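> Sharing a model prediction with you, sequence too.
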Amino acid sequence: MADSASPPSVVKPRAISGFPEWLPAERLVEQRFLDIIRETFERFGFAPIETPAVERREVLTAKGIVDKEIYALSRLAAADDEDPSTDLALHFDLTVPTARYVAQHFNRLVFPFRRYQIQKVWRGERPQAGRFREFTQCDIDIIGNGALDLLADAEIPAVIDAVFSRFAADLGTGGFVIRLNNRKLLQGLLEAAGAATPAALAAALRAIDALEKVGRDAVAAELVRDAGLTAAAADGLLDRLAAVTDPAGLDGLAETALFEEGRAEVAQVFDGLAALGVPAGRVRLDLTIARGLDYYTGTVYETVLDALPGIGSVCSGGRYENLASTYTRQTLPGVGISIGLSRLVARAFEAGLIAPGPATPATVLVTVMDRTLLADSLDIARRLRAAGVATEVYTEPRKLAAQLKYADAKGFRYAVILGEDEKAAGTVQMKDLKEGAQTTVPLAEVAVHLG
RNA sequence: GCGACCGUAGCUCAGUUGGCAGAGCACUCGGUUGUGGUCCGAGUUGUCGUGGGUUCAAGUCCCAUCGGUCGCCCCA
């Protein structure tokens, strides 16, 4: 019973919560982040790979990840009597697919294998501020065959330093600190403090991970309640964790063999950082960095922007002794890190730390005042493009005022204006839309002035 | 999965005790020749999330449902 007078129905366009999308002005800024990341990763010799968005479910769930956080892939058109369950799912990070990839292509890869991977990942969580269900991760990993020197653990933060230093210089994200810890240090201290069982250890790590959020007293209480520490042991532990900010602070704290092992590793990594030229103070030893993921076994990293401490780590990772044990008998130790670009960009926009610029990648709009001069306008655009200047020609037959309004709305830096008078004189008007200044330029020199 | 709050124009929101659906921004046109942003004038824009109930009358009250935001958990 459709009412013939009713307007044609439209599907109301709505954003899907947790699936962010940007307007062109914002996406152009995000791509500048991506350009810096990709160039820097390659400058350190990491090679690009891409893995499918979809993996077999058994590949993704092998590490004990909770099923509900993973999006399954199925067909809408599946018949009613067809089993709707599926073996396929969307990847929730890039480390697990990389482990599968390295195990599968083991005999065709050259080790140590250095790869980077910049892709969307999906997590079926409740979205919140800075939390998405679809987001871009930018991963690097160095994976050894059988062994991997600790120099790799130093190289990873050197790459992060290079990336975030360029963010700061080119995009204005400001200062940052890479916080580094070693699981063996924390675990050694916890064992010495009385966290005996694996369950107690896990509870203690979880409690300490929340230190910044809930405060020292709440963590101490949790260590007593969930990890079985005495109040005095919890207090002493938290004192020690807080006191250490560099490797020298670890001297004289050798309480267990595991701790001593971690101490030696951290010393080597900091030596490596100095040798790599990472500025002193950029990487800070922080014994409270626990990291939730259980496959980290040694060095762990977090990166926090000075201007956005509230969003937590925007770049996290660590060392795992045997990444691909689920998929191969080869021992493949690795170390890597992931930049959570979507969160970083979204929160930096919200905080006003970065701002959208022009809505076009072009710097010049060539106007068309008179359609009989269209060929001349197109020729100017051709010259500019040949000289490497991103240029657009206005396509619609509208007044000059409308064309300049368009140029302003999109954020072009320059407009080129060409009419009968200029054509007769062999010149164009070059208008600087930011300054408002307009100059007459010989046709042959347009590219020089705008390049 | 658990909890709190919120759904009105493209966007941000107002809408009083239940009584004609509103503002700002944005958009379109105009302010006479080939010049944007600022200013002035005019105009367009609605399934009040959806379904049901109460009522002479519902954006407003009640129920359900869907969606959104923010916490918890976990993490980038």
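Structure's in. What do you need?

> so residue A:181 sits in a strand?
Yes - under DSSP: H, G, I helix; E, B strand; the rest coil, residue A:181 sits within a strand.

> okay, now it: neighbour count?
26 (other C-beta atoms under 10 Å). C-beta here means a position set from N, CA and C on the backbone, and glycine is covered the same way.

> so which helix or strand takes in the closest residue to it other than its chain neighbours?
In this structure, residue A:181 finds its nearest non-sequential neighbour in residue A:289, 3.9 Å apart by C-beta to C-beta, 6 or more residues apart in numbering. For residue A:289, there is no enclosing helix or strand under DSSP states H and E.

> Was I right to think residue A:289 contacts residue A:183?
No - shown here, residue A:289 and residue A:183 do not form a contact pair, counting by C-beta atoms under 8 Å, at 9.3 Å.

> List the buried residues of the helix or strand of chain A with the lowest mean pLDDT.
Every helix and strand of chain A was ranked by mean pLDDT, DSSP states H and E. The lowest is helix A:211-214, at a mean of 80. Buried positions in helix A:211-214, judged by neighbour count with 16 or more other C-beta atoms under 10 Å: residue A:211.

> that older thread, joint contacts of residue A:289 and residue A:183?
residue A:300 (C-beta atoms under 8 Å, 6 or more residues apart in numbering).

> who touches the residue nearest to residue A:181 in this structure?
Taking C-beta under 8 Å, 6+ apart, we find residue A:289 in contact with A:179, A:180, A:181, A:209, A:300, A:301, A:302.

> So which of those reach RNA strand B?
Restricting the contacts of residue A:289 to those near RNA strand B by C-beta under 7 Å from any atom of the strand leaves residue A:209.

> Need the residues that contact the helix or strand containing residue A:348.
Assessed by DSSP H and E, residue A:348 sits inside helix A:341-350. Outside of helix A:341-350, the residues within contact range by C-beta under 8 Å, 6+ apart are A:20, A:26, A:29-30, A:33-34, A:37, A:118, A:129-132, A:134-138, A:173, A:305, A:308, A:311, A:314, A:354-356.

> Tell me the helices and strands packed up against the following helix or strand past it.
Going down the chain from helix A:341-350, the next helix or strand is strand A:364-366, by DSSP H and E. Counting contacts by 3 or more C-beta pairs under 8 Å, 6 or more residues apart in numbering; DSSP states H and E, strand A:364-366 packs against helix A:374-386, strand A:391-393, helix A:400-410, strand A:414-417.

> quick one: strands adjacent to strand A:364-366?
Using DSSP bridges, the strands paired with strand A:364-366 are strand A:391-393 (parallel), strand A:414-417 (parallel).

> now the ones you listed in TSV, with mean pLDDT?
TSV is the format used below for those (pLDDT from 0 to 100):
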stretch	mean pLDDT
strand A:391-393	95
strand A:414-417	95
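
> Kindly report the residues of the stretch 251-400 of chain A close to RNA strand B.
A:291-293, A:312-316, A:338, A:340, A:342-344, A:369, A:399-400.

> tell me the least confident of those?
Among these, residue A:293 carries the lowest pLDDT, at 58.

> Near residue A:325, how many other residues are there?
With other C-beta under 10 Å as criterion, residue A:325 counts 17.

> tell me the secondary structure for it?
Once three-state DSSP is applied, residue A:325 turns out coil.

> Now intersect the contacts of helix A:341-350 with the helices, please.
A:26, A:29, A:30, A:33, A:34, A:37 (DSSP state H).

> nearest spatial neighbour of the first one, skipping sequence neighbours?
Right, the one you point to is residue A:26. Nearest to residue A:26 is residue A:356, by C-beta to C-beta, 6+ apart, at 4.8 Å.

> mind checking how far the one you found is from residue A:28?
Note on residue A:356: its distance to residue A:28, by C-beta to C-beta, to the nearest Å, is 8 Å.

> can I get the helices and strands packed on strand A:364-366 in JSON lines with distance to residue A:443 and mean neighbour count?
Formatted as JSON lines, these follow (distance: least, C-beta to C-beta, whole Å; neighbours: other C-beta atoms under 10 Å):
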{"stretch": "helix A:374-386", "distance to residue A:443": "7", "mean neighbour count": "16"}
{"stretch": "strand A:391-393", "distance to residue A:443": "15", "mean neighbour count": "20"}
{"stretch": "helix A:400-410", "distance to residue A:443": "19", "mean neighbour count": "15"}
{"stretch": "strand A:414-417", "distance to residue A:443": "10", "mean neighbour count": "22"}
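
> on that earlier part again, which two in the contacts of residue A:289 are spaced the farthest apart?
A:180 and A:209 (15.1 Å; C-beta to C-beta).

> Looking at these two, which one has more neighbours?
Ranked by neighbour count (other C-beta under 10 Å), residue A:180 and residue A:209 place residue A:180 first, with 26 against 16.

> In contact with the closest residue in space to residue A:378 that isn't next to it in sequence, which residues?
Nearest residue to residue A:378, sequence neighbours excluded (C-beta to C-beta, 6+ apart): residue A:393, at 6.0 Å. Applying C-beta under 8 Å, 6+ apart to residue A:393 gives the contacts A:365, A:366, A:368, A:377, A:378, A:381.

> about what we covered before: how far does the helix holding residue A:348 sit from the chain's center?
10 Å (C-alpha atoms, centre = their mean, to the nearest Å).

> just checking, what packs against the one helix or strand residue A:165 maps to?
Using DSSP H and E, residue A:165 falls within helix A:151-166. The helices and strands touching helix A:151-166, judged by 3+ C-beta pairs under 8 Å, 6+ apart, are helix A:24-43, strand A:134-143, strand A:176-182, helix A:257-275, strand A:299-305, strand A:315-320, strand A:334-340.

> relative to strand A:176-182, how tilted is the fourth one?
Taking axes from the mean of the first three to the mean of the last three C-alpha atoms, to 10 degrees, helix A:257-275 and strand A:176-182 form an angle of 150 degrees between their directions.

> So is the helix or strand harbouring residue A:222 next to RNA strand B?
Using DSSP H and E, residue A:222 sits within helix A:216-227. No - judged by C-beta under 7 Å from any atom of the strand, helix A:216-227 and RNA strand B are separated, with a smallest distance of 9.6 Å.

> ok, residue A:359 - contacts?
A:23, A:24, A:25, A:28, A:409, A:410, A:411.

> what's the distance between the residue nearest to residue A:181 and residue A:358?
39 Å.

> Likewise for residue A:383?
Counting by C-beta to C-beta, the gap from residue A:383 to residue A:358 is 22 Å.

> and if you look at residue A:45?
The gap separating residue A:45 from residue A:358 is 34 Å, by C-beta to C-beta.

> Name the residue in these two with the higher neighbour count.
Applying other C-beta under 10 Å to residue A:45 and residue A:358 shows that residue A:358 carries more neighbours, namely 16 against 11.

> Quick check: the nearest residue in space to that one that is not next to it in sequence vs residue A:28, distance?
Nearest non-adjacent residue to residue A:358, counting by C-beta to C-beta, 6+ apart: residue A:411, 2.9 Å away. For residue A:411, the distance to residue A:28 (C-beta to C-beta) stands at 10 Å.
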